[in-house]
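> Attaching a predicted model along with its sequence, questions to come.
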Amino acid sequence: MAIVDRIPSIASARYAVIFILAPAALLSLACSPQRRVRELLSAKTGVVRLPAGTIALDSGIALPDGAHDLTITGNSTTLRASNSFHGAAILSCHNCRRITVRGLSIDGNRSRLERPVGLPPSDRTFASFYSNNGLLFTDSGEITIANVVFREIPSFAILASNAHGVNIDHVGIFNSGSNSSKGHNNTTGGILLEEGTTDFDIRRCVLHSIRGNGIWTHSRQVRNADGAIAGNTVREVGRDAIQVGHAIRVQVVGNHGRRIGYPVSEIDVESQATPVGIDTAGNVDASIYQGNRFDEVNGKCIDLDGFHDGTVSYNVCSNRGQAEDYPWGQFGIVMNNSNSGMESRKIAIEGNSILGAKFGGIFVIGSGNIVRGNNLDRIDLAHCPDHAARFGCSYPAQPGVLESGIYLGSRGERPAPARGNIVEKNIIRGWRMKTQCIGFAPGVRAADNTIRENECSDE
């Protein structure tokens, strides 16, 4: 019999072909890139090498609770949120230990997924409030994130809550963060460690075009502790380049920022969130801010609200423009005491350079502080009090504060008159600095402080 004679009819042949192809089609569906990635990441331990290419995800992937000793590595891999994506994060894990994520890209598809959202209420963690994050780790330890690139993340690129041993190295974050319903930043976009995260190290990362804060810590109760933020570059952020919030023993060293507080249209006006090169919040002590540089700061250089028993040294803030170029411009370095659990005391402010400040150079309250060997140049760009109507130079509670090179104040949020401080060997130049070099609030006396060998001159 001829071979063709074994095929009874065209119709039956058609069905035979369908019978052969149907299992192959099902196999192809089962092995779709998204399905394959989910299968790989169901592993609780071991090494997972992700497939190459861009893989669209319709929902976030949660690693198994309790995953441990797990390494996830890319192979020219991009995990991208699809247009219909929903979930807390592209990748998340709860109660994980010894997890490494390296060598891949994460695309949050912000242009399609961003939704207006405000700040979380005081009883909510950021991790429980914001969705559409990049990487999210909660109640986890010994987390390493290295050589990962994040783009267009609607919320936080990296968020770790109540974690320890968090190491973030050579990470790039670009064009990330979202706004409130009023079009102003809601803190998101960068790296956030919150709720008592300890033993952390964030190094050699690059962040560009972040709507909220670049790198920061935050906690409602238990302080974050024992961390380093070093050698990072932060450019074009709408809030703070770096913020140390409610923490102890944190080193902020050798970071560089540029264009802090831009674009101006996205600054959080409702919260009066003045952008800062290095900001402080809560209760922060035994910490060091050293060797950092920030260029073009539309806000404050360094805010020490809650900072005490620590060192601020050899930092540089440089503004080359005029007063009108910095609508949110403020002091160079400012002490404050909003947190009731601390006092502004024993702060060493040494060897810093403030090269262009809209108002004053350094604001001092409390006791036992040392302000020594700082270079303050182009201070009072607003030419206060002459241009009070234009720039709002008036501050009746502490007259003269906005036009002084160094001002010894009577209070921040709470009374804390400057007493027992040393102010020496500072070089102060700027608008009428020969006569407005060092100012005192009512009730604060030069005799109650040591003030000597300061050089003051007009510019």
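That came in fine, so what should we check first?

> For Gly189, give me its contacts.
Residues near Gly189 by Cβ atoms under 8 Å, 6 or more residues apart in numbering: 153, 155-157, 173, 176-178, 207, 210-214, 237. Every C-beta, even on glycine, is put in place using the N, C-alpha and C of the backbone.

> now Gly282
Applying Cβ under 8 Å, 6+ apart to Gly282 gives the contacts Ser219, Arg223, Gly245, His246, Ala247, Gly306, Asn339.

> show me what contacts the spatially closest residue to it that is not a sequence neighbour?
Nearest residue to Gly282, sequence neighbours excluded (Cβ to Cβ, 6 or more residues apart in numbering): His246, at 2.9 Å. Residues in contact with His246 (Cβ under 8 Å, 6+ apart) are Thr217, His218, Ser219, Arg220, Arg223, Asn224, Ala281, Gly282, Asn283, Val284, Gly306, Asn339.

> Identify the bridge partners of Val166.
Here Val166 sits in beta bridges with Ile143, Phe200, as judged by DSSP bridges.

> which residues touch it?
Phe137, Ile143, Ile145, Ala160, Leu193, Thr197, Asp199, Phe200, Asp201, Ile202.

> Kindly report the same for Tyr289.
Tyr289 makes contacts with Val244, Val252, Val253, Ile278, Ile302, Gly310, Thr311, Val312, Ser313, Asn315, as judged by Cβ under 8 Å, 6+ apart.

> what do you get if the cut-off is 10 Å, keeping everything else the same?
For Tyr289, the contacting residues are 229, 242, 244, 250-253, 255, 277-278, 280, 302, 304, 307, 310-315, 333, 349, 352, by Cβ atoms under 10 Å, 6 or more residues apart in numbering.

> you'd agree it is in a strand?
Yes: with DSSP: H, G, I helix; E, B strand; the rest coil as the criterion, Tyr289 is located in a strand.

> Would you mind measuring from it to Thr197?
Remark: distance between Tyr289 and Thr197 (Cβ to Cβ, to the nearest Å) = 19 Å.

> Same question for Ser209.
25 Å.

> Have a look at these two and say which one is more surrounded.
Remark: of Ser209 and Thr197, Thr197 carries more neighbours, 29 against 18, as counted by other Cβ atoms under 10 Å.

> Quick check: buried residues in stretch 426-435?
By neighbour count on 16 or more other Cβ atoms under 10 Å, the buried set for stretch 426-435 is Asn426, Ile427, Ile428, Arg429, Gly430, Trp431, Arg432, Met433.

> rewinding a little: columns distance to Asn449 on top of the contacts of Val166, output as JSON lines?
Output for the contacts of Val166, formatted as JSON lines (distance: Cβ to Cβ, whole Å):
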{"residue": "Phe137", "distance to Asn449": "47"}
{"residue": "Ile143", "distance to Asn449": "46"}
{"residue": "Ile145", "distance to Asn449": "46"}
{"residue": "Ala160", "distance to Asn449": "42"}
{"residue": "Leu193", "distance to Asn449": "37"}
{"residue": "Thr197", "distance to Asn449": "38"}
{"residue": "Asp199", "distance to Asn449": "38"}
{"residue": "Phe200", "distance to Asn449": "37"}
{"residue": "Asp201", "distance to Asn449": "38"}
{"residue": "Ile202", "distance to Asn449": "37"}
